[in-house]
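J.: When you get a sec, could you give me coordinates for this:
(chains A and B)
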Amino acid sequence: MIEFKDATVTAPDSGVSILEPTTMTLSEQRISIIGANGSGKSTLARLINGLVLPVSGTVTVDGIDTAKDGAKVRRKVGYLFTDPTAQLIMPTAVEDVTLSLRRIISDKSERTEAALTALEEIGLGGKADVSVNALSGGQRQLLALAGILAVTPEVIVADEPTTLLDLRWRAHVGALLRTLPLQVIEVTHDLDAASRAERTIVIDSGGVAFDGEPAEAVKFYRDLMFRRPTRTADS
Amino acid sequence: MVVADPVTSIGIMCASLLLLLSTEPPAKPTLRAMSMIMIVAVLTVTFQLWRGDIARAIDVAADLTSIAALALAVSCSTPMESMLDLVSRMVRPFGRILPPETIGLMFALTLRAIPEAARIFIEARTAARARGLERDPRAVLIPGATRTVGFALQLGQALHARGIAEEAKPERKKRTRKTRKARKSKSDTTPHAEAQERISTDSGITTSSD
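T.: Here you go, the predicted model:
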């Protein structure tokens, strides 16, 4: 269970509020977070696995404070970024997954076997020895996901995981995230994907503007966006 | 200089090239990498010939080619994980000052970052050309440098999120002993399921959806 208690984030130099004091509990299996660009969605998501720490208040995962034991939190919470390229470190698919497994499996052959299994389970079994540069965008995102799933987290936070993908890969990765047997919190601009969650949170200007049923949340978000004028250099 | 003798240098160069060929490297990337070294070698040889020292010119060219061929032979034949293990083992005696796993990871990241930085600068140059700014170095250097730093920050965040090189060593040693015991009692468990069970046991919480 993920709990926010008055968690606040401000910009370190200017003190400008990025996320207003936020209190909520995230217990549903499928939660989507939507909002405009720069609204604070990614900041909220990064608070969950301790990539960003609150300047005040607390964020806990199963009672573990992200500020006090971030490493332990990150063993429970996997994070999938928008761009898979920056997440992939090793030259081949199997080597990248084994890198994640180094901290939990010390035997090299066991590690390789576990990595191959993880790749097989995600549908990249035939790409184990392929260079990551030769993989398509969708395959790289799957590989990034394989590296996360290999260490069996309890929660996955996916930050716009399909934004850079084409329609086919967007559907494939989206479907895969929906079928995972663990809690998935997805930040997304895809309102169809958001509406398939159990709960949807709308973030606006650093605060929670709506929190509840996905259909209502999406409607609220649409109204919010189309009511707001688009700023230009002349206005 | 590897060896200060042209004949020996040529012999070592031939051996290095044969070693490289024995690893069956991919043709195009290897030729591209060797051609870059050749350019440097030609410039160096030209300078030495201008000085009138033919022996030194041959020596330098052969040494540069040998070093490049050996480096390519290692990178073509050695999986990155093995290189990571080797570097970590080499710095283990200095473990009190520098964490071995972190140093090994730094080595892997350097190899990862170099082609990515090159790709970023190529894209910046293409973008500059599209804007008609190909003669302005700022149009390449500024976006190239900014994006490279951005990539480094993203990579750092991804490492942080994956928990890589994060106080891993003491935990791994404990788990090794457990693994041996667990292996004796559970011969049917797969490594992946075993890893799952390891995490479940240590965290005290099941990994089921409930």
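J.: so which strand or helix has A:Leu186?
T.: In this structure residue A:186 is Glu, not Leu. Assigned by DSSP states H and E, A:Glu186 belongs to strand A:183-187.
J.: Next SSE downstream of that strand?
T.: Criterion used, DSSP H and E; the element after strand A:183-187 is helix A:191-195.
J.: residue ranges with poor pLDDT in chain B?
T.: Along chain B, the model assigns pLDDT under 70 to residues B:1-4, B:165-210.
J.: Now do the domain split for it, please.
T.: B:6-77, B:82-162 (automatic domain parsing).
J.: Quick check: end-to-end length of the longest one?
T.: In domain B:82-162, first residue to last residue: 20 Å (C-alpha to C-alpha, to the nearest Å).
J.: do stretch A:81-100 as well
T.: Chord length of stretch A:81-100, first to last residue, is 15 Å (C-alpha to C-alpha).
J.: try stretch A:121-131
T.: 19 Å.
J.: Spatially nearest residue to B:Ser88, not counting backbone neighbours?
T.: B:Gly104 (3.6 Å; C-beta to C-beta, 6 or more residues apart in numbering or on different chains). C-betas here are computed from N, CA, C, even on glycine.
J.: again with B:Ser75
T.: Using C-beta to C-beta, 6+ apart, the nearest residue to B:Ser75 is B:Leu111, at 7.7 Å.
J.: Please identify the helix or strand for that neighbour.
T.: With DSSP H and E as the test, B:Leu111 turns up in helix B:100-130.
J.: Just give me the neighbour total for the residue lying closest to B:Ala55 once chain neighbours are set aside.
T.: The shortest distance from B:Ala55 to any residue other than its chain neighbours is 5.0 Å, reached at B:Pro6 (C-beta to C-beta, 6+ apart). Counted with other C-beta atoms under 10 Å in any protein chain shown, residues neighbouring B:Pro6 total 18.
J.: Ok, A:Pro214 next?
T.: Neighbours of A:Pro214 using other C-beta under 10 Å come to 21.
J.: what are the ranges of the helices in chain B?
T.: Using DSSP state H, the helices of chain B run over B:6-22, B:27-51, B:54-77, B:80-90, B:100-130, B:138-162, B:169-185, B:191-203.
J.: go on, chain A?
T.: Under DSSP H, chain A gives helices at A:41-48, A:70-76, A:93-101, A:108-122, A:137-149, A:167-179, A:191-195, A:214-227.
J.: Can you tell me the centre-most residue of the chain?
T.: You didn't say which chain, so I picked chain A. A:Ala158 (2.0 Å; C-alpha atoms, centre = their mean).
J.: that's the other chain; I wanted chain B
T.: Closest-to-mean residue, chain B, C-alpha atoms, centre = their mean: B:Leu111 / 2.7 Å.
J.: dump the residue contacts of that residue.
T.: A:Pro91, B:Ser75, B:Met80, B:Met83 (C-beta atoms under 8 Å, 6 or more residues apart in numbering or on different chains).
J.: can you rerun that using 10 Å?
T.: A:Ile89, A:Met90, A:Pro91, B:Ser75, B:Met80, B:Met83, B:Leu84 (C-beta atoms under 10 Å, 6 or more residues apart in numbering or on different chains).
J.: just A:Gly63 next, same as before
T.: A:Met1, A:Glu3.
J.: Need the phi and psi values for it.
T.: phi 80, psi -10 (degrees, to the nearest 10).
J.: Point out where chain A drops to low pLDDT.
T.: Checking chain A against pLDDT under 70 turns up A:228-235.
J.: before we move on, back to that, tell me who's in contact with the residue nearest to B:Ala55.
T.: Contact analysis of B:Pro6 by C-beta under 10 Å, 6+ apart lists B:Ile54, B:Ala55, B:Arg56, B:Ala57, B:Ile58, B:Asp59, B:Val60, B:Ala61, B:Ala62, B:Asp63.
J.: The residues you listed, buried ones only, as a PyMOL selection?
T.: Buried subset of those, written as a PyMOL selection, criterion 16 or more other C-beta atoms under 10 Å in any protein chain shown:
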select buried, chain B and resi 56+57+58+59+60+61+62+63
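J.: which one of the contacts of B:Pro6 is nearest chain A?
T.: Chain A lies nearest to B:Asp63 out of the contacts of B:Pro6, by C-beta to the nearest C-beta, at 27.6 Å.
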